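> My questions are about this predicted structure, shown below with the sequence.
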Amino acid sequence: MERDFDKKLYNDYLSGEKQAFEYLYNKYKRKIVYFIYNIVKDYQKAEDLMQETFIYIMQNKMKSNVSFKYYIYLVAKSKAFNYINIENRRNEITDEYLYNNENIESDVLDIITQEETQKELLESMKLLDEKYKNAVYLVNIEKLSYKETADILGETLQNTKSLVHRGKKQLRIILLKKGFDEMNKVAKVIIIVLCVSIFLTGGVYGAVKIYNEYIKNQTTTESAGLYKDKNDITTYESDLRLNDMKMVEEEEEGMYYKIITNIKDYNKYKKRVSALPDMTEEDFKENFLAIFTWERPKRAFEKDCEIGEVKIENNTSYIILKQKENPNYEENSNILAGVISKEKLKENVKVIVEKKSLDTRGFAKVSDLPKDYSVEDAIKDGCFVIEENILKSKDKTQFDDFIAKTKNGENDFIRIYEKDIEDRILIIDIEYKDDFYFCYKINLRNNQKWYDSYKQIDKNYWKNENLIFYGFSRIILNDKKADNNPIVIITDTDN
């Protein structure tokens, strides 16, 4: 919605509302200076180029299919590269250069950086390697999508994702070295929740289960042993997650794993977490130990999971974590470990957390829907339909009825169809089951997918803008909301 509001202000300025541009200038000027400075390394010149950027966008109207934020950063980058004259092709901003993308992807990263912590975060970001700075800044601070960031930086989409991932990992190390409290303020995953609720360096509980011929046994435990030292303090040196384990990339942030193939590494981890499966040097001749840990509260579909399967494809081992058939959603383990036959260990390891399949109650499979799935067809199929923030469904209370049923404990399902101003077609499937909302979302245009689980849905009114906001919340500690993730925003046409 912020992007829509900025675009509205920009269009208001073009229509003669001078105050609208003043708002945009005050909002973006320092951000643009910071972004340009990372390229030209001259603060005074960065301020000059910021002024040139605003002059350009005042005189050259943006295309309708991009966000204002994307447009201004793209212009700012071009101005910066014009100045340092890196490539002759950047000597002039052209429409072909600014808009040579087919679809602007949506950014669904839910990193929320509070205003009072941004200064601290930006100070730490100055210490990042040059290649990471602007990638992390655009995605994490400005909340631009990977596609938009890739276009702005002139990188491939895959390279951009890699830069952001590695940059965030380096940033966490910088923050941790500066002090654990500072890291907590800006980390996407709320590590402090684990520190409050988990205070033992040993295992609080353990559960061992015997498996098939290649998954020998596994255990779950709740322990701070992977990140706290013997004095109950967390430092970079003591945190094995950051200095020794690998991140499970498919789960974005907050989940790590370690493959142990020898007794020396095993003893290092066993000393920290006593509840790990018992193993000897002889055991490691035929087996390895896989350890998985979460530095954030686990999402509903991650609760009470186990190593369900290990597949081999070419030179990669796929370790698949699956939720048990009747999961205990109250379990609070943050470590899962399993002994697996070395027959299943290849050079590369990929960890996959299996997602719950939703009961779509008679709706067509999302994979069967066409990329040009129309508003009319969606209404006919019974979806809750929104087009450019306007509710199109005949049943205006469909979503409210769904929320009311689920708050009374009824299992239910709803499919939301949204066609936004950027012509994306989003399908949002929500199933309420086991006291959680499981949400599967897909952009039909580019097949980008997201999956998550939440504890409740909130409905709020923004009266000044005549908007109705529906959003998910997670409740993770003492009934306090950890975040609020928008589902849809609807213009209230009744007021």
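Everything's here; your move. Residues are numbered from 1 along each chain as shown.

> Okay, buried residues for stretch 49-66 please.
Leu49, Met50, Thr53, Phe54, Tyr56, Ile57, Met62, Val66 (16 or more other Cβ atoms under 10 Å). No exception for glycine: its C-beta is placed from N, CA and C like everyone else's.

> could those residues go into TSV alongside distance to Lys303?
Formatted as TSV, those follow (distance: Cβ to Cβ, whole Å):
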residue	distance to Lys303
Leu49	50
Met50	47
Thr53	47
Phe54	49
Tyr56	51
Ile57	47
Met62	45
Val66	40
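
> Mind checking which of those residues are in helices?
Leu49, Met50, Thr53, Phe54, Tyr56, Ile57 (DSSP state H).

> just checking, the first one touches Ile36?
What that stands for is Leu49. Yes: in terms of Cβ atoms under 8 Å, Leu49 counts as a neighbour of Ile36; the distance is 4.9 Å.

> do you know how far the residue of the chain most remote from its centre is from Lys311?
No residue in the chain sits farther from the centre than Glu282, which is 41.3 Å out by Cα atoms, centre = their mean. Using Cβ to Cβ, to the nearest Å, we find Glu282 at a distance of 27 Å from Lys311.

> what about Pro486, which helix or strand?
strand 480-491 (DSSP states H and E).

> what pLDDT, on average, does that strand get?
Average pLDDT, strand 480-491: 68.

> For the stretch 351-495 of the chain, which segments are assigned as helices?
Here the stretch 351-495 of the chain has its helices, by DSSP state H, counting those that start in this stretch, at 375-380, 398-407.

> Tell me where the model's unsure across the stretch 51-200 of the chain.
64, 84-124, 143, 172-200 (pLDDT under 70).

> Let me see the ranges of the helices in it.
Counting by DSSP H, counting those that start in this stretch, the helices of the stretch 51-200 of the chain are 68-84, 95-98, 115-125, 130-136, 146-153, 157-178, 180-186, 191-197.

> which helices and strands sit right next to the fourth one?
The contact analysis (3 or more Cβ pairs under 8 Å, 6 or more residues apart in numbering; DSSP states H and E) places helix 130-136 against helix 18-40, helix 146-153, helix 157-178.

> any chance of these in TSV, with mean neighbour count and distance to Asp435 too?
Formatted as TSV, the helices and strands packed on helix 130-136 follow (neighbours: other Cβ atoms under 10 Å; distance: least, Cβ to Cβ, whole Å):
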stretch	mean neighbour count	distance to Asp435
helix 18-40	17	40
helix 146-153	23	33
helix 157-178	18	32
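
> mind giving me a markdown table with these and columns for distance to Lys344?
Output for the helices and strands packed on helix 130-136, formatted as a markdown table (distance: least, Cβ to Cβ, whole Å):
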| stretch | distance to Lys344 |
| --- | --- |
| helix 18-40 | 44 |
| helix 146-153 | 32 |
| helix 157-178 | 26 |
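
> quick one: which of those is nearest Leu426?
The closest of those to Leu426 is helix 146-153. By Cβ to Cβ, the value is 15.1 Å.

> burial measure for the nearest residue to Thr491 once chain neighbours are set aside, as a count.
Distances taken as Cβ to Cβ, 6 or more residues apart in numbering place Asn389 nearest to Thr491, at 4.7 Å, with adjacent residues excluded. For Asn389, the neighbour count with other Cβ atoms under 10 Å is 18.

> Which residues does stretch 451-462 contact?
The contact list for stretch 451-462, computed with Cβ atoms under 8 Å, 6 or more residues apart in numbering, reads 299-301, 355-356, 400, 403, 406, 435-441, 467-476, 484-485, 487, 492.

> Next, the distance between the ends of stretch 370-389.
22 Å (Cα to Cα, to the nearest Å).

> Please identify which helix or strand holds Glu281.
Counting by DSSP H and E, Glu281 is found in no helix or strand.

> What is the burial count for the closest residue in space to it that isn't next to it in sequence?
Among residues not flanking Glu281 along the chain, Ile263 sits closest, at 4.3 Å (Cβ to Cβ, 6+ apart). Look at Ile263: counted by other Cβ under 10 Å, it has 15 neighbours.

> Roughly how far does Ile263 sit from Asp283?
8 Å.

> any idea of the pLDDT on the residue nearest to Glu130 when sequence neighbours are not counted?
Leaving out its chain neighbours, the residue that sits closest to Glu130 by Cβ to Cβ, 6+ apart is Asn38, at 7.5 Å. Note on Asn38: pLDDT of 79.

> what's near enough to touch Asn38?
Glu130, Lys133, Asn134, Tyr137.

> same question, Thr149
The contact partners of Thr149, by Cβ under 8 Å, 6+ apart, come to Ala135, Leu138, Val139, Glu155, Thr160, Val164.

> which one of those is nearest Glu22?
Leu138 (24.1 Å).

> is it true that that closest one touches Lys147?
No: if you go by Cβ under 8 Å, Leu138 and Lys147 don't touch, sitting 11.2 Å apart.

> circling back to that earlier point, closest to Ile416 among the contacts of Thr149?
Among those, Val139 lies closest to Ile416 (Cβ to Cβ), at 25.6 Å.

> isn't that closest one right up against His165?
No: between Val139 and His165 there is no contact under Cβ under 8 Å: 9.9 Å.

> which neighbours do these two share?
With Cβ under 8 Å, 6+ apart as the test, Val139 and His165 reach no residue in common.

> per-domain residue ranges of this structure.
2-186, 192-353, 366-491 (automatic domain parsing).

> So what's the residue count around the spatially closest residue to Glu347 that is not a sequence neighbour?
For Glu347, the nearest residue in space outside its immediate sequence neighbours is Asn315; the separation is 5.0 Å by Cβ to Cβ, 6+ apart. Neighbourhood size, Asn315 [other Cβ under 10 Å]: 8.

> Let me see the contact set for Asn315.
Asn315 touches Lys346, Glu347, Asn348, counting by Cβ under 8 Å, 6+ apart.

> nearest spatial neighbour of the first one, skipping sequence neighbours?
Taking Cβ to Cβ, 6+ apart as the measure, Lys346 lies nearest to Ser317, with 4.5 Å between them; neighbours along the chain are not counted.

> Repeat that for the last one.
Using Cβ to Cβ, 6+ apart and skipping residues adjacent in sequence, the residue nearest Asn348 is Thr316, 4.3 Å away.

> The one you found and Val351 touch, don't they?
No: using Cβ under 8 Å, Thr316 makes no contact with Val351, being 11.0 Å away.

> who touches both of those two?
By Cβ under 8 Å, 6+ apart, no residue touches both Thr316 and Val351.

> More neighbours: the two, which one.
Val351 (22 against 12).

> Tell me the spacing between that one and Leu444.
28 Å.

> just Ile379 next, same as before
Taking Cβ to Cβ, one finds Ile379 at 16 Å from Leu444.

> for the closest residue to Ile487 other than its chain neighbours, what are its contacts?
Closest residue to Ile487 apart from its sequence neighbours, by Cβ to Cβ, 6+ apart: Tyr470 at 4.5 Å. Residues counted as contacts of Tyr470 (Cβ under 8 Å, 6+ apart) are Phe399, Ile457, Asp458, Lys459, Pro486, Ile487, Val488, Ile489, Ile490.

> Skip the chain neighbours and tell me the closest residue to Ser341.
Tyr214 (4.0 Å).

> For the nearest residue to Glu309 once chain neighbours are set aside, give me phi and psi.
Spatially, and ignoring its direct neighbours in sequence, Glu309 is nearest to Ile320 (4.4 Å; Cβ to Cβ, 6+ apart). When read as degrees, to the nearest 10, the backbone of Ile320 gives phi -110, psi 120.
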